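[1] return atomic coordinates for the entry below.
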Amino acid sequence: TPVCAKHNNLTYCLQDPEYPKDKIKEAIEQNRHPLDHFLVDISASSNVVDDSLNKVFENSVPLQSTAVSYSFEGKAIAPTPNEISNSSGCTSNIYYAKPLRAINTAGQWKIIVNVEFEETGANYTQTVRIEECNYSYGFVATCGTETISACLQQYKLYRLLAWEPHRGFYIDAFLLPISCFCGSHDTHKR
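    A predicted model of the protein is given here:
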């Protein structure tokens, strides 16, 4: 387990004091042309995302207040209190992030390519949408005596560019939290 995950129960890290940024940059410089086919520079399309989000909010009717916090400059976009989802009866936090490490589908921690070249403005970044349940697997409600409901975390399979010093660049599969839903369990015995 990497240092970034020692004190939490997450399957990914957004901050990592041991992230080998300089080694990854050096490997990118040596393999730049093949990598250009694997990875889309998110900063080049961030204006499109910003514009589409602005159009959504321009055409929406505010319920009480419209407070939105998003930016593609950081590694993670933290939600404001108004962005916390509660559509299924389960509260969750939704944000966009650039993971630095994650557990792949084989259960191994891998380094994910997310580096920016400040000097040239070239970015090799991968942004994913994450939605985490606030109380995963916590009981939400009892519906009569027949059903117990609980908040359950759902995961999505992401294919991301990973890197290892001895292996180089490759595509790997990672399960990351994508939604939170209210599941029910029938306690009535037949």
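
[2] low-confidence stretches in this protein?
    Scanning the chain for pLDDT under 70 picks out 36-89, 135-148, 185-190.

[3] strands of that one, start to end?
    Using DSSP state E, the strands found in the chain span residues 12-13, 92-97, 101-103, 109-112, 115-116, 123-124, 128-133, 139-143, 147-164, 168-186.

[4] so which elements touch the fifth one?
    To tie it back to what came earlier, the one meant is strand 115-116. Here strand 115-116 touches helix 21-30, strand 123-124, going by 3 or more CB pairs under 8 Å, 6 or more residues apart in numbering; DSSP states H and E. Where you see a C-beta, it was placed from the backbone N, CA and C, and this is true even at glycine.

[5] for the ones you listed, give me JSON lines that also has mean neighbour count and distance to Glu116.
    Below are those laid out as JSON lines (neighbours: other CB atoms under 10 Å; distance: least, CB to CB, whole Å):
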{"stretch": "helix 21-30", "mean neighbour count": "14", "distance to Glu116": "9"}
{"stretch": "strand 123-124", "mean neighbour count": "22", "distance to Glu116": "5"}
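
[6] and those: which comes nearest Asn9?
    helix 21-30 (25.4 Å; CB to CB).

[7] angle of that closest one against strand 168-186?
    Orientation check (axes from the mean of the first three to the mean of the last three CA atoms, to 10 degrees): helix 21-30 against strand 168-186 gives 120 degrees.

[8] which one of the strands of the chain lies closest to Thr1?
    Using CB to CB, the nearest of the strands of the chain to Thr1 is strand 109-112, at 6.6 Å.

[9] ok, the closest one: who's next to it in the sheet?
    strand 101-103 (antiparallel), strand 147-164 (antiparallel) (DSSP bridges).

[10] now the ones you listed in a markdown table, with distance to Lys23?
    Formatted as a markdown table, the strands paired with strand 109-112 follow (distance: least, CB to CB, whole Å):
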| stretch | distance to Lys23 |
| --- | --- |
| strand 101-103 | 14 |
| strand 147-164 | 8 |
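
[11] and of the helices and strands packed on strand 115-116, who's closest to Ile130?
    So among the helices and strands packed on strand 115-116, strand 123-124 is nearest, using CB to CB, at 19.4 Å.
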